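Asker: quick one: sequence plus predicted model below, questions after.
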Amino acid sequence: MSEANRDRLLSAAVEAFGAKGFHGTTTRDIAQAAGLSPAAIYVHHRSKEDLLYVISVEGHRMLLDAVGAAVEGVGSATEKLAAIVRAWVRTNAENHAVSRVVKDELDALSPDHRAEVVTLRRSIEGLVRQVVEEGAASGEFVDDAPQLTTRAIVSLGMDVARWYRPEGTWDVEEIAEHFAALAVRLVKA
């Protein structure tokens, strides 16, 4: 299968899973939306679940890369936290369809695939927690529950994918800056 067909297939799957959910989507729905035959799915994917797995892994790696790159060369815990949240929000907003699918369809993955995706999620959350703990240890943040605060910050950025639309009221940068400021306020006295 060509790279163009692969991309069309993945995009069609994201749209179909986003519109109908994993269980409500058939491989025929995906193939038809991609302009391919139903057999084209099976050229590279053993199943509809395997297609969801690829989308989930790629979506989580994209977010992990964005968040990881955001803190490179950044100094204080406050600056790191703001940079992480900006990257988190931008990635979830700019890729809102993929982000919604990978967030909402986790339970549709097989146990092995789910475990791999959960490991990626924990890596992303671990980067946030590391910064929150760093700031708490240095006294830069006032936080007696870094794990719980981390969950709040992660939730703040994840939910953007649920409601953000490019034609909406706020642009991505406005949301990213506002959410970064909110996250910093969560950890400051």
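Answerer: In hand now; what should we look at?
Asker: show me which positions of stretch 121-137 end up buried.
Answerer: With burial defined by 16 or more other CB atoms under 10 Å, the residues of stretch 121-137 counted as buried are 121, 124-125, 127-136. The way it works is simple: take the backbone N, C-alpha and C, and place the C-beta from them, glycine included.
Asker: correction: stretch 46-60
Answerer: Quick answer for stretch 46-60 (16+ other CB under 10 Å): Lys48, Asp50, Leu51, Leu52, Tyr53, Val54, Ile55, Ser56, Val57, Gly59, His60.
Asker: would TSV of the buried residues of stretch 121-137 with pLDDT, secondary structure and distance to Asp104 be doable?
Answerer: Below are the buried residues of stretch 121-137 laid out as TSV (pLDDT from 0 to 100; DSSP: H, G, I helix; E, B strand; the rest coil; distance: CB to CB, whole Å):
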residue	pLDDT	secondary structure	distance to Asp104
Arg121	93	helix	13
Ile124	92	helix	17
Glu125	93	helix	18
Leu127	94	helix	22
Val128	94	helix	21
Arg129	94	helix	23
Gln130	94	helix	27
Val131	95	helix	27
Val132	95	helix	26
Glu133	94	helix	29
Glu134	94	helix	31
Gly135	95	helix	31
Ala136	93	helix	32
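Asker: which residues of the protein score low on pLDDT?
Answerer: 1, 189 (pLDDT under 70).
Asker: most widely separated two among the buried residues of stretch 46-60?
Answerer: Farthest-apart pair in those is Lys48 and His60; separation 18.8 Å (CB to CB).
Asker: can I get the buried residues of stretch 46-60 in TSV with distance to Ser110 and secondary structure?
Answerer: Putting these into TSV (distance: CB to CB, whole Å; DSSP: H, G, I helix; E, B strand; the rest coil) gives the following:
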residue	distance to Ser110	secondary structure
Lys48	11	helix
Asp50	9	helix
Leu51	12	helix
Leu52	10	helix
Tyr53	8	helix
Val54	13	helix
Ile55	14	helix
Ser56	11	helix
Val57	13	helix
Gly59	17	helix
His60	16	helix
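Asker: and Arg100, what does it touch?
Answerer: Neighbouring residues of Arg100 by CB atoms under 8 Å, 6 or more residues apart in numbering: Gly18, Ala161, Arg162.
Asker: any idea how far whichever strand or helix holds it is from the chain center?
Answerer: In this assignment (DSSP states H and E), Arg100 forms part of helix 96-104. Here the centre of helix 96-104 is set off from its chain's centre by 7 Å, with CA atoms, centre = their mean, to the nearest Å.
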